[in-house]
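Undergrad: Please find the sequence and the predicted model below.
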Amino acid sequence: MPRLQPLLTFLRPLGAPRSAAWSQSLAFSTATRLRAAEPAPPKPKESISSKTSPASSTVPATPSSPQDAARAADLAVSEAAIESDNPNPPAPKPVLPSDHATSDSQSTPATGQPSQRQPGTSNAPQSEKLVLGPAKYLVTRSANKNFPVYTDFKRGGNLKLTIVRKVSGDLAALRNELKIYLNKKEDEVFLNDLTKQVIVKGHHVPEVTKFLQSRGM
């Protein structure tokens, strides 16, 4: 019997705790049960002004009962969901310095850009004109009033020569003028002292005929 007495002290009914210690936990548990039992209240309709300016919304009052606390929590959840569905518009992108340079170049013309050239003034080098004095030679035409300018073929037709015949006077002067007029090298225009002919390498019958006409032959 004496051994059972220490065990009986643990089996004695404990005293009820103070109401101040468990009233708060009981209030939360009661609110949870009421929120589970009652149907969810309808979501209030928010005005456009509340969506666009959330900072201007009024602060809700402190709930005075567990039911008000549960409703306030539901309202907070619904407002958070609405804000996540309708985020604020993104901030405008900053303008880069390269965009500023492009807009400035498009709005104002470049100062270093040269002005448009007039059609009559071109910087291309003009060909030098051949200024000649009186001819020191004479080319006699044929009976048909044709110039004695012919084409000769050498080396099986691979080499073409233009020959000016019936030349009297200074043959060297005619040779020099044809070299400049046809833009030939020194060895491409030469003389035949035996036949009194001026020979030009290549087929230049039309050019030589035009030159002799301009010289008044």
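TA: Yep, it's here.
Undergrad: For the rest of this, base every contact and every neighbour count on C-alpha atoms.
TA: Will do.
Undergrad: My read is that E188 contacts V198, right?
TA: No - at 10.8 Å, E188 does not count as touching V198 under the criterion of Cα atoms under 8 Å.
Undergrad: Please say which of those two ends up with more neighbours.
TA: Neighbour count, other Cα atoms under 10 Å: between E188 and V198, V198 has more, with 22 against 13.
Undergrad: Mind checking what helix or strand follows the helix or strand that one falls within in sequence?
TA: Applying DSSP states H and E as the criterion places V198 in strand 197-201. Once strand 197-201 ends, the next helix or strand along the chain (criterion: DSSP H and E) is helix 205-214.
Undergrad: who does that next one touch, helix- and strand-wise?
TA: Here helix 205-214 touches strand 149-154, going by 3 or more Cα pairs under 8 Å, 6 or more residues apart in numbering; DSSP states H and E.
Undergrad: domains in this structure, as residue ranges please.
TA: Per the record, the chain has its domains at 22-50+64-85, 137-214, by automatic domain parsing.
Undergrad: pLDDT-wise, which helix or strand of the protein ranks last?
TA: Ranked by mean pLDDT, DSSP states H and E, the weakest helix or strand in the chain is helix 48-52, scoring a mean of 48.
Undergrad: what residues are up against G202?
TA: For G202, the residues meeting the contact criterion (Cα atoms under 8 Å, 6 or more residues apart in numbering) are 159-162.
Undergrad: Make a PyMOL selection of the buried ones in those residues.
TA: Applied in PyMOL, the following selects the buried portion of the contacts of G202 according to 16 or more other Cα atoms under 10 Å:
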select buried, resi 160+161+162
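Undergrad: Distance to R141 and secondary structure for the contacts of G202 - can I get that in TSV?
TA: Output for these, formatted as TSV (distance: Cα to Cα, whole Å; DSSP: H, G, I helix; E, B strand; the rest coil):
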residue	distance to R141	secondary structure
L159	26	strand
K160	23	strand
L161	20	strand
T162	16	strand
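Undergrad: any chance of the contacts of G202 in a markdown table, plus pLDDT?
TA: As requested, the contacts of G202 are arranged in a markdown table below (pLDDT from 0 to 100):
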| residue | pLDDT |
| --- | --- |
| L159 | 91 |
| K160 | 93 |
| L161 | 94 |
| T162 | 95 |
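Undergrad: Any chance of JSON lines for the contacts of G202, columns distance to A69?
TA: Listed next are the contacts of G202 as JSON lines, based on distance: Cα to Cα, whole Å:
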{"residue": "L159", "distance to A69": "115"}
{"residue": "K160", "distance to A69": "115"}
{"residue": "L161", "distance to A69": "118"}
{"residue": "T162", "distance to A69": "118"}
